[in-house]
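S.K.: I would like to see how this sequence folds:
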Amino acid sequence: PGDFREDNLAEMRIGPCFVRMTGACIRCPTTYYDCSAEKLDEDKEPYATLSKIRSTPGYGTLFGTYYSCEILKTAT
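M.R.: Reported below is the predicted structural model:
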């Protein structure tokens, strides 16, 4: 239940694809760099808002999840 269900998904199989969680994706400050002005945005958006709901002590602001995929051999 709730948002970010992928945070609790350890592994799954979809047909011949076996997918396993390998770790969290930490959000870096480049999300609030304004390329046209060549400087960091003072409001630090969208990072500031994301930090309010996705901050994890010891890790930082989580943005998503990394997964690995293995194609399993199928019986013929």
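S.K.: ends of stretch 50-58, what's the gap?
M.R.: Distance across stretch 50-58, first residue to last, is 16 Å (C-alpha to C-alpha, to the nearest Å).
S.K.: longest strand in this protein, please.
M.R.: strand 60-71 (DSSP state E).
S.K.: quick one, helices of the chain?
M.R.: For the chain, the helices defined by DSSP state H occupy 47-54.
S.K.: N8 - how many residues pack around it?
M.R.: 9 (other C-beta atoms under 10 Å). C-beta: built from backbone N, CA, C; applies to glycine.
S.K.: quick check: pLDDT value at it.
M.R.: Model confidence at N8, given as pLDDT, is 78.
S.K.: what about it, distance to T22?
M.R.: Separation of N8 from T22 (C-beta to C-beta, to the nearest Å): 14 Å.
S.K.: equivalent analysis for R13, please.
M.R.: Counting by C-beta to C-beta - R13 and T22 are separated by 16 Å.
S.K.: next, the buried residues of the longest strand of the chain.
M.R.: For strand 60-71, a neighbour-count test (16 or more other C-beta atoms under 10 Å) marks 61-62 as buried.
S.K.: direction included, what does it pair against?
M.R.: strand 17-26 (antiparallel), strand 55-56 (antiparallel) (DSSP bridges).
S.K.: contacts for the longest one next, please.
M.R.: Which is strand 17-26. 6-7, 9-13, 56, 59-72 (C-beta atoms under 8 Å, 6 or more residues apart in numbering).
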